[in-house]
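> Predicted model and sequence follow; I will ask about them next.
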Amino acid sequence: MVHRISVVIPTFNEEENITACLTSLCNQTIPRSDYELIVVDGGSKDKTRELAEKLADTVIIQTSKRVGGARNDGAKLADAKILATTDADCIIPPEWLETVLASFEKNDKIVQLYGTVTPLEPGLKFKFYLWLANQFSRLGYYTHTLYYTLGCNTAFVKEAYDSIGGYKCIDAGDDLEIAQRMRKIGKVKFNSKMTVKFSMRRYVKFGTLKSLYIWLYIVLKGGKSDKYTYTGKTYK
């Protein structure tokens, strides 16, 4: 069966989150038979894969390095013309896939689509932080200076994605970098109606300023760093 859209979800020791994420993806407003869920696991030591197999169509072990590599591994198995990516600690609203498909169908010049994020955790602080992030995303889009295409909430025309070689396998900033290559072959579109609930757990654990500093440090180093590991996973 060829699906209308394929969704790739990278995982690594996500037993506390993967069931909720996949359940939200299984309860979309389009028929379940219209899309496939592909989980790419980076060698979890917990029950992530066991739990994912109950809800996902495909669960594989990651062979490429870093999160970008995991997304690329999943993309190789995807059979749909549209490829979407999200993260295992996100909750996906029911209309997410319908919104993605409608946007691509409305404009055949679009090669990449992205949207906004809202916090999973309660508190005005997190709402404010992500409100700022969303405003930053809007500003970058409308000034054509930066496309803040977070990997937890983005989608591609798969043919275009494949043509540029997918994500770069770097420690941080891969989801911003890919948009700079995609915009050279088509339109990168921001859609504020396309949103996901995003976990602030990294900011809770390390602190907002330190988390942003580490991310920015790695990005300015070209996406790779021996000093920090933004994802929490160490690679050889």
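Good, I have the coordinates.
> just the strands in this structure please.
Along the chain, counting by DSSP state E, strands occupy 5-11, 35-41, 58-61, 82-85, 110-119, 154-157, 187-198.
> Mind naming the longest helix for the chain?
helix 124-142 (DSSP state H).
> elements contacting that helix?
Applying 3 or more CB pairs under 8 Å, 6 or more residues apart in numbering; DSSP states H and E, one finds that helix 124-142 makes contact with strand 110-119, strand 187-198. All C-beta atoms are positioned from the backbone trio N, CA, C, and that covers glycine.
> so where's the chain uncertain?
Residues of the chain that meet the criterion pLDDT under 70 lie in 172, 201-236.
> if I look at C152, how far off is T118?
11 Å (CB to CB, to the nearest Å).
> Look at these two and report which has more neighbours.
C152 (22 against 15; other CB atoms under 10 Å).
> my guess is the more buried one contacts A88, does it?
No. Using CB atoms under 8 Å, C152 makes no contact with A88, being 9.3 Å away.
> list residues touching both of the two?
Shared contacts of C152 and A88 (CB atoms under 8 Å, 6 or more residues apart in numbering): none.
> What is the neighbour count of R66?
Neighbour tally, R66, other CB under 10 Å: 25.
> Tally up the residues packed near the residue nearest to it when sequence neighbours are not counted, please.
If the residues on either side of it in the chain are set aside, R66 comes closest to C169, at 4.6 Å by CB to CB, 6 or more residues apart in numbering. Using other CB under 10 Å, C169 has 18 other residues around it.
> so C169 touches G69, yeah?
Yes. With contact defined as CB under 8 Å, C169 reaches G69; the gap is 4.3 Å.
> re earlier: if I look at the residue nearest to R66, how far off is K197?
According to CB to CB, C169 stands 27 Å off from K197.
> what is in contact with C152 and T118 at once?
The contact lists of C152 and T118 share 196, 198, where a contact means CB under 8 Å, 6+ apart.
> hmm, back to that, of the helices and strands packed on helix 124-142, which stretch is the most buried?
Of all these, strand 110-119 has the most neighbours on average by mean count of other CB atoms under 10 Å, namely a mean of 22.
> mind saving the C-alpha coords of that one as PDB?
This file holds the C-alpha atoms of strand 110-119, laid out as PDB (Å, rounded to 0.1, in the frame of the first residue of the first chain):
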ATOM      1  CA  ILE A 110       5.900  24.200  -1.800                       C
ATOM      2  CA  VAL A 111       8.800  21.700  -1.100                       C
ATOM      3  CA  GLN A 112       8.900  22.200   2.700                       C
ATOM      4  CA  LEU A 113       6.300  23.200   5.300                       C
ATOM      5  CA  TYR A 114       6.700  24.100   8.900                       C
ATOM      6  CA  GLY A 115       4.800  25.600  11.800                       C
ATOM      7  CA  THR A 116       4.700  26.600  15.500                       C
ATOM      8  CA  VAL A 117       5.200  24.900  18.900                       C
ATOM      9  CA  THR A 118       3.300  25.100  22.200                       C
ATOM     10  CA  PRO A 119       4.700  23.800  25.500                       C
END
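> All good on my end, thank you.
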